[in-house]
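Peer 1: got a structure for you, letters missing:
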């Protein structure tokens, strides 16, 4: 990375702090996933640039207490408002929404809160989960790996940064289709293996 200092990941909230080891493991896996899987498979047109610049903020919070989780999400919006040196925040949910349906319920509440607080159109809220499955797509379809991550997370992106990046990207409307095709070419077994290895990031070596 070319930035002057390493951006340390953050653990916040009573529940996440109570199980700090789990939260730090989730952060390590999420950083490894971003740097090797997302960038490695070119799933996002500007992820590589922001990894190189070290402008991605990683924050772990538990989803056991949704008030705490949503409060952390709004705090990260305010931080991005105030600190333009960060391009994006990955709010990693270290526990509480391991079930994908529970995660979708939380995501729905978060999206409604975004609109209520006036952040719709300012930040985009992207969704990732280990068991992510697109509506109408079979669970074992490799295309789901475009949104599968080692830990559940809510991804905050600046809308203006997205627009700027896509303006210099060829045929941006075809990105989802290209990503799905790339995942299909790799195959579900290989992708599951990659994700499993990334999930182990941060575990003690034996």
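Peer 2: Nice, I can see it. For clarity, every value in this text was computed on a predicted model and none was experimentally measured. Residues are numbered from 1 along each chain as shown.

Peer 1: hey, which helix or strand in this protein has the poorest pLDDT?
Peer 2: Least confident element among the helices and strands of the chain, by mean pLDDT, DSSP states H and E: helix 14-18 (a mean of 70).

Peer 1: how about the strands in this structure?
Peer 2: Using DSSP state E, the strands of the chain run over 10-11, 56-61, 88-93, 123-128, 153-158.

Peer 1: I'd like to know how many residues surround residue 146.
Peer 2: Around residue 146 there are 21 other residues, counting by other C-beta atoms under 10 Å. (Each C-beta comes from the backbone N, C-alpha and C, glycine too.)

Peer 1: list the contacts for the nearest residue to it once chain neighbours are set aside?
Peer 2: Distances taken as C-beta to C-beta, 6 or more residues apart in numbering place residue 179 nearest to residue 146, at 4.6 Å, with adjacent residues excluded. Contact partners of residue 179, counting by C-beta atoms under 8 Å, 6 or more residues apart in numbering, are 41, 43, 143, 146.

Peer 1: Now for the second one: which residues touch it?
Peer 2: Listed by C-beta under 8 Å, 6+ apart, the contact partners of residue 43 are 37, 146, 179, 182.

Peer 1: make it 10 Å
Peer 2: Each residue near residue 43 by C-beta atoms under 10 Å, 6 or more residues apart in numbering is listed here: 34, 37, 145, 146, 147, 175, 176, 178, 179, 182, 183.

Peer 1: do residue 80 as well
Peer 2: By C-beta under 10 Å, 6+ apart, the neighbours of residue 80 are 57, 86, 87, 88, 89, 119, 122, 123, 156, 157, 158.

Peer 1: Okay, it and residue 63: tell me how far apart.
Peer 2: Distance from residue 80 to residue 63, counting by C-beta to C-beta, to the nearest Å: 20 Å.

Peer 1: again with residue 138
Peer 2: In terms of C-beta to C-beta, residue 138 sits 26 Å off from residue 63.

Peer 1: And the spatially closest residue to residue 45 that is not a sequence neighbour, how far from residue 175?
Peer 2: Nearest residue to residue 45, sequence neighbours excluded (C-beta to C-beta, 6+ apart): residue 169, at 4.5 Å. Remark: distance between residue 169 and residue 175 (C-beta to C-beta) = 8 Å.

Peer 1: Comparing those two, which residue is more hemmed in?
Peer 2: residue 175 (17 against 12).

Peer 1: Who are the contact partners of that one?
Peer 2: Residue 175 makes contact with 42, 43, 44, 45, 146, 166, 169, according to C-beta under 10 Å, 6+ apart.

Peer 1: residue contacts, the fifth one?
Peer 2: The reference is to residue 146. Listed by C-beta under 10 Å, 6+ apart, the contact partners of residue 146 are 38, 41, 43-44, 128, 132, 134, 175-176, 178-180, 182-183, 191.

Peer 1: make it 6 Å
Peer 2: 43, 179, 183 (C-beta atoms under 6 Å, 6 or more residues apart in numbering).

Peer 1: ok, these vs residue 15, which is closest?
Peer 2: residue 43 (30.1 Å; C-beta to C-beta).
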